[in-house]
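Undergrad: No sequence on hand, only this structure:
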(Lines give C-alpha, C1' and ligand atoms only; values in the text may rest on other atoms or scores of the structure.)
Protein backbone atom coordinates (compact mmCIF):
# COMPACT_ATOMS: atom_id res chain seq x y z
CA UNK A 1 0.00 0.00 0.00
CA UNK A 2 1.37 3.38 -1.04
CA UNK A 3 1.59 5.87 1.81
CA UNK A 4 2.55 9.53 1.58
CA UNK A 5 4.00 11.20 4.63
CA UNK A 6 4.08 14.85 5.63
CA UNK A 7 7.72 15.11 4.54
CA UNK A 8 6.90 14.16 0.96
CA UNK A 9 3.98 16.59 0.87
CA UNK A 10 6.17 19.41 2.19
CA UNK A 11 8.81 18.61 -0.43
CA UNK A 12 6.34 18.48 -3.33
CA UNK A 13 4.73 21.71 -2.17
CA UNK A 14 8.13 23.40 -2.08
CA UNK A 15 8.94 22.22 -5.60
CA UNK A 16 5.86 24.08 -6.82
CA UNK A 17 5.60 27.02 -4.41
CA UNK A 18 9.06 28.60 -4.78
CA UNK A 19 8.99 28.81 -8.62
CA UNK A 20 5.39 30.01 -8.39
CA UNK A 21 6.36 32.94 -6.14
CA UNK A 22 9.32 33.88 -8.35
CA UNK A 23 7.17 33.80 -11.50
CA UNK A 24 4.37 35.86 -9.96
CA UNK A 25 6.89 38.50 -8.84
CA UNK A 26 8.37 38.63 -12.32
CA UNK A 27 4.94 39.12 -13.87
CA UNK A 28 4.28 41.97 -11.47
CA UNK A 29 7.35 43.88 -12.70
CA UNK A 30 8.13 42.70 -16.25
CA UNK A 31 6.92 44.65 -19.31
CA UNK A 32 3.87 43.14 -20.97
CA UNK A 33 3.06 40.83 -18.07
CA UNK A 34 2.43 43.70 -15.63
CA UNK A 35 -0.14 45.38 -17.87
CA UNK A 36 -3.52 46.00 -16.23
CA UNK A 37 -5.05 44.85 -19.52
CA UNK A 38 -4.05 41.28 -18.61
CA UNK A 39 -6.53 39.89 -16.03
CA UNK A 40 -5.14 38.77 -12.70
CA UNK A 41 -6.65 35.31 -13.15
CA UNK A 42 -4.77 34.90 -16.43
CA UNK A 43 -1.49 35.87 -14.75
CA UNK A 44 -2.05 33.45 -11.87
CA UNK A 45 -3.04 30.64 -14.24
CA UNK A 46 -0.01 31.26 -16.46
CA UNK A 47 2.29 31.36 -13.43
CA UNK A 48 0.72 28.11 -12.20
CA UNK A 49 1.41 26.31 -15.48
CA UNK A 50 4.98 27.64 -15.77
CA UNK A 51 5.70 26.73 -12.13
CA UNK A 52 4.53 23.18 -12.73
CA UNK A 53 6.84 22.88 -15.76
CA UNK A 54 9.84 24.44 -14.02
CA UNK A 55 9.27 22.47 -10.82
CA UNK A 56 9.58 19.22 -12.76
CA UNK A 57 13.12 20.20 -13.84
CA UNK A 58 14.46 21.48 -10.52
CA UNK A 59 17.30 19.52 -8.98
CA UNK A 60 17.32 21.43 -5.70
CA UNK A 61 14.43 22.72 -3.62
CA UNK A 62 13.43 23.37 -0.03
CA UNK A 63 10.44 21.84 1.74
CA UNK A 64 7.72 24.13 3.03
CA UNK A 65 7.41 24.39 6.80
CA UNK A 66 6.08 26.80 9.39
CA UNK A 67 9.38 28.49 10.22
CA UNK A 68 11.25 31.75 9.76
CA UNK A 69 13.44 30.06 7.17
CA UNK A 70 10.42 29.47 4.96
CA UNK A 71 9.29 33.10 5.36
CA UNK A 72 12.76 34.42 4.45
CA UNK A 73 12.96 32.05 1.50
CA UNK A 74 9.58 33.26 0.22
CA UNK A 75 10.71 36.90 0.39
CA UNK A 76 13.93 36.02 -1.43
CA UNK A 77 12.03 34.34 -4.28
CA UNK A 78 9.79 37.37 -4.67
CA UNK A 79 12.79 39.71 -4.74
CA UNK A 80 14.55 37.59 -7.39
CA UNK A 81 11.50 37.70 -9.65
CA UNK A 82 11.10 41.45 -9.14
CA UNK A 83 14.77 42.04 -9.97
CA UNK A 84 14.54 40.11 -13.25
CA UNK A 85 11.34 41.84 -14.35
CA UNK A 86 12.46 45.29 -13.23
CA UNK A 87 15.72 44.95 -15.19
CA UNK A 88 13.81 44.60 -18.46
CA UNK A 89 11.22 47.20 -17.47
CA UNK A 90 13.97 49.70 -16.70
CA UNK A 91 15.66 49.37 -20.07
CA UNK A 92 12.39 49.59 -22.03
CA UNK A 93 11.51 52.72 -20.04
CA UNK A 94 14.13 54.44 -22.20
CA UNK A 95 11.54 54.45 -24.99
CA UNK A 96 9.12 56.48 -22.88
CA UNK A 97 11.93 58.80 -21.81
CA UNK A 98 12.90 59.41 -25.45
CA UNK A 99 9.28 60.08 -26.35
CA UNK A 100 9.02 62.54 -23.48
CA UNK A 101 12.02 64.49 -24.78
CA UNK A 102 10.66 64.54 -28.32
CA UNK A 103 7.14 65.48 -27.20
CA UNK A 104 8.33 68.50 -25.23
CA UNK A 105 10.32 69.81 -28.21
CA UNK A 106 7.33 69.26 -30.52
CA UNK A 107 5.07 71.28 -28.25
CA UNK A 108 3.09 68.32 -26.91
CA UNK A 109 4.12 69.01 -23.33
CA UNK A 110 0.67 70.37 -22.48
CA UNK A 111 -1.19 67.49 -24.18
CA UNK A 112 -1.43 64.34 -22.09
CA UNK A 113 -3.10 60.98 -22.20
CA UNK A 114 -3.92 58.60 -19.39
CA UNK A 115 -1.57 55.65 -19.72
CA UNK A 116 -3.19 52.42 -18.53
CA UNK A 117 0.26 50.80 -18.36
CA UNK A 118 1.74 53.16 -15.79
CA UNK A 119 -1.49 54.48 -14.28
CA UNK A 120 -0.87 58.23 -14.63
CA UNK A 121 -0.87 60.98 -17.25
CA UNK A 122 1.98 61.00 -19.75
CA UNK A 123 2.72 63.15 -22.80
CA UNK A 124 1.36 61.91 -26.10
CA UNK A 125 4.70 61.09 -27.72
CA UNK A 126 5.93 59.31 -24.60
CA UNK A 127 2.86 57.09 -24.72
CA UNK A 128 3.43 56.42 -28.43
CA UNK A 129 7.10 55.52 -27.90
CA UNK A 130 6.39 53.25 -24.94
CA UNK A 131 3.58 51.39 -26.73
CA UNK A 132 5.75 51.00 -29.83
CA UNK A 133 8.58 49.65 -27.70
CA UNK A 134 6.25 47.20 -25.95
CA UNK A 135 4.84 46.00 -29.28
CA UNK A 136 8.34 45.44 -30.68
CA UNK A 137 9.34 43.74 -27.43
CA UNK A 138 6.56 41.20 -27.86
CA UNK A 139 7.19 40.88 -31.61
CA UNK A 140 10.87 40.10 -30.99
CA UNK A 141 9.84 37.41 -28.45
CA UNK A 142 11.26 39.40 -25.59
CA UNK A 143 8.72 37.84 -23.23
CA UNK A 144 10.01 34.38 -24.13
CA UNK A 145 13.59 35.52 -23.60
CA UNK A 146 12.54 36.84 -20.21
CA UNK A 147 11.04 33.48 -19.28
CA UNK A 148 14.29 31.84 -20.40
CA UNK A 149 16.21 34.10 -18.02
CA UNK A 150 13.79 33.07 -15.29
CA UNK A 151 14.49 29.38 -15.89
CA UNK A 152 18.27 29.98 -15.82
CA UNK A 153 17.93 32.03 -12.64
CA UNK A 154 17.27 28.84 -10.65
CA UNK A 155 20.81 27.71 -11.51
CA UNK A 156 22.38 31.09 -10.68
CA UNK A 157 20.27 31.77 -7.58
CA UNK A 158 19.20 28.35 -6.26
CA UNK A 159 16.29 27.82 -3.93
CA UNK A 160 18.09 27.94 -0.63
CA UNK A 161 17.93 30.19 2.40
CA UNK A 162 20.40 33.09 2.13
CA UNK A 163 20.97 32.75 -1.63
CA UNK A 164 18.88 35.70 -2.84
CA UNK A 165 19.95 38.90 -4.58
CA UNK A 166 23.11 40.28 -2.98
CA UNK A 167 23.75 43.91 -2.12
CA UNK A 168 26.01 44.20 -5.18
CA UNK A 169 23.13 43.04 -7.37
CA UNK A 170 20.81 45.74 -6.02
CA UNK A 171 23.58 48.30 -6.53
CA UNK A 172 23.83 47.21 -10.17
CA UNK A 173 20.09 47.86 -10.58
CA UNK A 174 20.41 51.26 -8.90
CA UNK A 175 23.25 52.29 -11.20
CA UNK A 176 21.18 51.31 -14.26
CA UNK A 177 19.44 54.69 -14.16
CA UNK A 178 22.39 56.05 -16.10
CA UNK A 179 21.75 53.41 -18.78
CA UNK A 180 18.12 54.53 -19.02
CA UNK A 181 19.13 58.17 -19.54
CA UNK A 182 21.83 57.28 -22.07
CA UNK A 183 19.64 55.06 -24.27
CA UNK A 184 16.74 57.52 -24.14
CA UNK A 185 18.87 60.47 -25.23
CA UNK A 186 20.51 58.51 -28.06
CA UNK A 187 17.12 57.35 -29.34
CA UNK A 188 15.63 60.84 -29.27
CA UNK A 189 18.76 62.62 -30.57
CA UNK A 190 17.97 62.44 -34.35
CA UNK A 191 14.49 63.88 -33.87
CA UNK A 192 15.82 66.52 -31.49
CA UNK A 193 18.40 67.55 -34.08
CA UNK A 194 15.71 67.96 -36.75
CA UNK A 195 13.52 69.96 -34.37
CA UNK A 196 16.48 72.15 -33.43
CA UNK A 197 17.00 72.92 -37.12
CA UNK A 198 13.28 73.75 -37.41
CA UNK A 199 13.51 76.07 -34.40
CA UNK A 200 16.50 77.86 -35.92
CA UNK A 201 14.67 78.19 -39.24
CA UNK A 202 11.59 79.69 -37.59
CA UNK A 203 13.83 82.07 -35.63
CA UNK A 204 15.51 83.26 -38.82
CA UNK A 205 12.15 83.72 -40.54
CA UNK A 206 10.86 85.73 -37.60
CA UNK A 207 13.83 88.10 -37.92
CA UNK A 208 13.62 88.41 -41.71
CA UNK A 209 9.82 88.75 -41.90
CA UNK A 210 8.49 90.10 -38.58
CA UNK A 211 4.97 90.37 -40.04
CA UNK A 212 4.53 86.58 -39.76
CA UNK A 213 2.82 85.45 -36.57
CA UNK A 214 5.35 82.91 -35.38
CA UNK A 215 3.21 81.94 -32.40
CA UNK A 216 0.38 80.77 -34.66
CA UNK A 217 2.45 78.85 -37.21
CA UNK A 218 5.31 77.68 -35.01
CA UNK A 219 3.35 74.95 -33.24
CA UNK A 220 2.11 73.47 -36.54
CA UNK A 221 5.59 73.56 -38.07
CA UNK A 222 7.23 71.87 -35.09
CA UNK A 223 4.46 69.27 -34.86
CA UNK A 224 4.58 68.23 -38.51
CA UNK A 225 8.36 68.32 -38.71
CA UNK A 226 8.61 66.24 -35.55
CA UNK A 227 6.05 63.70 -36.78
CA UNK A 228 7.91 63.38 -40.10
CA UNK A 229 11.18 62.83 -38.25
CA UNK A 230 9.59 60.21 -35.98
CA UNK A 231 8.11 58.37 -38.98
CA UNK A 232 11.50 58.42 -40.70
CA UNK A 233 13.07 57.02 -37.51
CA UNK A 234 10.60 54.13 -37.11
CA UNK A 235 12.75 51.56 -39.03
CA UNK A 236 15.52 52.15 -36.48
CA UNK A 237 13.25 51.30 -33.56
CA UNK A 238 13.72 47.57 -34.16
CA UNK A 239 17.52 47.49 -33.58
CA UNK A 240 17.04 49.95 -30.71
CA UNK A 241 14.59 47.62 -28.94
CA UNK A 242 16.89 44.66 -29.66
CA UNK A 243 19.70 46.57 -27.97
CA UNK A 244 17.41 47.32 -25.01
CA UNK A 245 16.52 43.64 -24.67
CA UNK A 246 20.23 42.76 -24.65
CA UNK A 247 20.86 45.50 -22.08
CA UNK A 248 17.99 44.18 -19.94
CA UNK A 249 19.42 40.66 -20.09
CA UNK A 250 22.87 41.93 -19.10
CA UNK A 251 21.36 43.93 -16.26
CA UNK A 252 19.34 40.97 -14.95
CA UNK A 253 22.44 38.78 -15.15
CA UNK A 254 24.42 41.39 -13.21
CA UNK A 255 21.70 41.59 -10.57
CA UNK A 256 21.56 37.81 -10.16
CA UNK A 257 25.33 37.35 -10.05
CA UNK A 258 26.05 40.51 -8.04
CA UNK A 259 28.42 41.91 -10.65
CA UNK A 260 28.51 45.23 -12.56
CA UNK A 261 26.67 45.06 -15.94
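TA: That came through, no problem. If you're wondering where the values come from, they're calculated on a predicted model, not measured in any experiment.

Undergrad: Spell out the residue ranges of the helices in the stretch 1-150 of the chain.
TA: Along the stretch 1-150 of the chain, the stretches classed as helices by DSSP state H, counting those that start in this stretch are 6-29, 40-55, 68-106, 124-139, 142-156.

Undergrad: Indicate which one of those is closest to residue 197.
TA: The closest of these to residue 197 is helix 68-106. By CB to CB, the value is 11.4 Å. Heads up, the C-betas are built off the backbone N, CA and C, glycines and all.

Undergrad: Would you mind listing the buried residues in the closest one?
TA: When neighbours are counted by 16 or more other CB atoms under 10 Å, the buried residues of helix 68-106 are found to be 70, 73, 76-106.

Undergrad: how much does it deviate in direction from helix 40-55?
TA: Angle, helix 68-106 to helix 40-55, by axes from the mean of the first three to the mean of the last three CA atoms, to 10 degrees: 120 degrees.

Undergrad: how much distance is there from helix 68-106 to the middle of the chain?
TA: 5 Å (CA atoms, centre = their mean, to the nearest Å).

Undergrad: Next, the angle from that helix to helix 124-139.
TA: Per the same axes, to 10 degrees, the angle that helix 68-106 makes with helix 124-139 is 130 degrees.

Undergrad: What average pLDDT does helix 68-106 get?
TA: Taken as a whole, helix 68-106 has a mean pLDDT of 82.

Undergrad: which secondary structure elements does it contact?
TA: Using 3 or more CB pairs under 8 Å, 6 or more residues apart in numbering; DSSP states H and E, the elements in contact with helix 68-106 are helix 6-29, strand 121-123, helix 124-139, helix 142-156, helix 167-175, helix 177-208, helix 214-233, helix 237-257.

Undergrad: so which of the helices of the stretch 1-150 of the chain gets nearest residue 192?
TA: Nearest to residue 192, of these and by CB to CB, is helix 68-106 at 5.9 Å.

Undergrad: Sort out which residues of stretch 40-57 are buried, please.
TA: 43, 46, 47, 50, 51, 54, 55.
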